[in-house]
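**Student:** Take a look and give me a structure for this.
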Amino acid sequence: MKYYVISGERSGDLHASNLIRSIKSLDSNADFRGMGGNYSEKEGLVLCSHYEEVAIMGFIEVVLGFRKVIKYLNILKKDILAYQPDALILVDYGGFNMKMAAFSKSHTIPVHYYIPPKVWAWNQKRAYKLKQITDRVYSILPFEPAFFEKFGVEALYVGNPLLDEINKFEPHPFFHQKNELNYQPIIALLPGSRKQELINMLSVMVELVKKFPNAQFVIAGVSNLKQELYYPAIDVGIKVVFDQTYDLLHHANAAIVTSGTATLETALFRVPQVVVYKTSVLSYAIAKRLIRVPFISLVNLIAERKVVSELIQGDYNEKKLSQELNLILANIQHKAGILDGYTEIKEKLGVQSASDTTAKLLIEALSNKKTA
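**Tutor:** You can find the predicted model right below:
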């Protein structure tokens, strides 16, 4: 069968690549085309566009980059019609992929959404739209199916793909030596994998160094960003280790993590963390009016209670961040409470392989449709 796959950022590309691998194991004639990145291309996705050409984040940034988004929507629409896939597989990237779903559905192409938009967070009525433009939704968060059911959306919980990635992970035996680290306690800094995030988050993290002289701060860098973006940290003696996030978390004693998928990864590595986030003033003002959930981190959302502290916008400052980090490092009860919450989260996530489960369900649905 022919599959058109669309992912729009690094984490989505990773999850898409694993799903492609799982589909290939069940469908020996599988052919893949679409938008993604290096991970998916390595697994056999023929790229119509690379996601880095399209990547935009933030409410205002999306408005300013609207013409670019429209351009690539049109490119992909033409490509889908030319390719005539048996299914469109969408991976995360809600705003863009919802438009692609509507287009494909209008052309009677089956739409399967893996890692659906977080419509429960804001503008929940979008769930009705999701029902109209998808054939099936594959959820990676255990609380989502119950939410979607209220809107008539067939959403199946398939497990969380981060569990698959972490189960495959093998720590580097000489991580410290390889990166010229000493054996002081490590505080991992995860400022994000996108340029805007890094610029917004890094300056406050850098200020902490002088307050914790008995620890070493290490940044989880990503090689797809220009190295000079990390110079403010490097200039004050902070090490940057590129594309070694799991190794860093494996050795870390604490972490400061920009809200996103990385908060859940940090929890699954059982590293006590402070979750932080800051964006432009206008983007934040808009988000504050729209968001309908009590937390921003996946950790707290899955637990349905506060497990880790969240410092957002104005609260994300050197003083408050220093206080929260001190609690983790010096208060045994506080740290134990976080780790208990992590145990609870892992139980909720279960043990199934998300990509294998999704591939099996997707192919079964397509096969049943062909024989109906």
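**Student:** tell me which strands and helices the one helix or strand residue 67 maps to is in contact with?
**Tutor:** Following DSSP states H and E, one finds residue 67 within helix 66-83. For helix 66-83, the elements it packs on are strand 2-7, strand 31-36, strand 46-50, helix 94-106, judged by 3 or more Cβ pairs under 8 Å, 6 or more residues apart in numbering; DSSP states H and E. Backbone N, C-alpha and C define where each C-beta goes, glycine included.
**Student:** all strands of this structure, in order?
**Tutor:** Taking DSSP state E, the strands of the chain run over residues 2-7, 31-36, 46-50, 87-91, 111-114, 136-139, 155-157, 186-190, 216-221, 239-242, 254-258, 273-277, 309-312.
**Student:** So which helix or strand of the protein has the lowest pLDDT on average?
**Tutor:** Ranked by mean pLDDT, DSSP states H and E, the weakest helix or strand in the chain is helix 59-64, scoring a mean of 46.
**Student:** what's the nearest residue to the most centrally placed residue in the chain if we skip its chain neighbours?
**Tutor:** Nearest residue to the geometric centre of the chain (Cα atoms, centre = their mean): residue 261, 3.7 Å. Spatial nearest neighbour of residue 261, chain neighbours left out: residue 11 (4.9 Å); criterion: Cβ to Cβ, 6 or more residues apart in numbering.
**Student:** roughly how far apart are that neighbour and residue 264?
**Tutor:** Distance, residue 11 to residue 264, by Cβ to Cβ, to the nearest Å: 10 Å.
**Student:** Residue 299 now?
**Tutor:** Distance from residue 299 to residue 264, counting by Cβ to Cβ: 6 Å.
**Student:** what is in contact with these two at once?
**Tutor:** By Cβ atoms under 8 Å, 6 or more residues apart in numbering, residue 299 and residue 264 have these common neighbours: residue 345.
**Student:** which one of the helices and strands packed on helix 66-83 lies closest to residue 143?
**Tutor:** helix 94-106 (17.1 Å; Cβ to Cβ).
**Student:** and the angle from that closest one to strand 87-91?
**Tutor:** 170 degrees (axes from the mean of the first three to the mean of the last three Cα atoms, to 10 degrees).
**Student:** who's in contact with helix 94-106?
**Tutor:** Contacts for helix 94-106 (Cβ under 8 Å, 6+ apart): 4, 6, 8, 54, 62, 69, 73, 76-77, 80, 88, 90-91, 111, 113, 116-119, 126, 129-130, 132-134.
**Student:** Would you mind listing the buried residues in it?
**Tutor:** By neighbour count with 16 or more other Cβ atoms under 10 Å, helix 94-106 contains the buried residues 94, 96-101, 103-105.
**Student:** where's the dip in pLDDT among these?
**Tutor:** On pLDDT alone, residue 94 ranks lowest of the buried residues of helix 94-106, at 87.
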